[in-house]
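Enquirer: Pasting the sequence and the predicted model now:
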Number of protein chains: 2
Amino acid sequence: MPSPLGDKIRMLRKQKKLSLDQLAERTDSSKSYIWELENKDDPKPSAEKIGKIAAVLEVTAEFLLTEATTTPDEAVVDEAFFRKYKTMSEPDKKKIRKILDAWDDE
Amino acid sequence: MPSPLGDKIRMLRKQKKLSLDQLAERTDSSKSYIWELENKDDPKPSAEKIGKIAAVLEVTAEFLLTEATTTPDEAVVDEAFFRKYKTMSEPDKKKIRKILDAWDDE
DNA sequence: TGATGTCGTTCGGTATGCCGAACAAATTCG
DNA sequence: CGAATTTGTTCGGCATACCGAACGACATCA
């Protein structure tokens, strides 16, 4: 019954050898709530909590929240793409963004 | 009485010429709630809502939550773009890459 | 053995995130 | 101008995020 978010939190917490109490303390939460995040069905924490938890666990909030749907080697290609994008001029980048923006308007 | 978060949302929303209703629709929210985020004292939205709002406004969630200024700098916009790109299907991503590859041999 | 401590689990209550619907203001258009 | 439409605002209420406190499970150590 746990969620991907819960699994990630538990895994990272144990990796850092923290108890529920310790993680709770460092994230201004209660341990019962950390437990809920790890074990309940579909937790919907606030941005604030996720931010603090991510900081303590030394990952990005994005990592905790997204489903990691790409394979590692896809990720490499994506990173390369992003690097190239960043070398472009601002007006050109804007054009690319526009293209992406309009992508799924039927 | 508005918060920094509220100011940023309002600013970016107007910049994109969206009404409360339109932004609400695109973020699976109600317009009354978007209004609350913009105008209430100390809003504490869920990570889910902030993620969706950030995506539509084309900034990062961290920018909305932590940054002091109301206007995102280039890096924030780039990062938001990259996140949006990563949500696309692999074939679609490939097309975008092709476009970028063909960019500078005019 | 049983006292002490640490860890995870459960649960009742409170605050508030978030909603829909009604209302007010502004804007468009005849 | 007035009617229609679009925008922003207010408000009552449901659902749930988040809490503290009590509980059981397990290890440690006298």
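Expert: On my side now, so go ahead. Residues are numbered from 1 along each chain as shown, chains lettered A, B, ... in the order given.
Enquirer: Quick check, A:Pro43 in contact with A:Trp35.
Expert: No: A:Pro43 is not in contact with A:Trp35 according to C-beta atoms under 8 Å; the separation is 10.5 Å. C-beta: built from backbone N, CA, C; applies to glycine.
Enquirer: So between the two, which is more surrounded?
Expert: A:Pro43 (19 against 16; other C-beta atoms under 10 Å in any protein chain shown).
Enquirer: what about the closest residue to that one other than its chain neighbours, how many residues close to it?
Expert: Spatially, and ignoring its direct neighbours in sequence, A:Pro43 is nearest to A:Leu37 (4.8 Å; C-beta to C-beta, 6 or more residues apart in numbering or on different chains). Using other C-beta under 10 Å, the number of residues around A:Leu37 comes to 24.
Enquirer: about what we covered before: can you list residues touching both of A:Pro43 and A:Trp35?
Expert: Common neighbours of A:Pro43 and A:Trp35, using C-beta atoms under 8 Å, 6 or more residues apart in numbering or on different chains, do not exist here.
Enquirer: returning to that earlier point: for A:Met11, see how far away the residue nearest to A:Pro43 is.
Expert: Shown here: A:Leu37 relative to A:Met11, a distance of 13 Å by C-beta to C-beta, to the nearest Å.
Enquirer: Please save the CA atoms from the one helix or strand A:Leu64 maps to in CSV.
Expert: According to DSSP states H and E, A:Leu64 maps onto helix A:61-65. Provided in CSV are the C-alpha atoms of helix A:61-65 (Å, rounded to 0.1, in the frame of the first residue of the first chain):
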residue,chain,number,x,y,z
ALA,A,61,12.0,17.7,-4.4
GLU,A,62,11.5,16.8,-8.0
PHE,A,63,13.2,13.5,-7.5
LEU,A,64,10.9,12.7,-4.6
LEU,A,65,7.8,13.6,-6.5
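Enquirer: Could you tell me how far that helix lies from the centre of the chain?
Expert: Chain-centre distance of helix A:61-65: 1 Å, with C-alpha atoms, centre = their mean, to the nearest Å.
Enquirer: How about stretch A:97-106?
Expert: For stretch A:97-106 - counting by C-alpha atoms, centre = their mean - the centre lies 24 Å from the chain centre.
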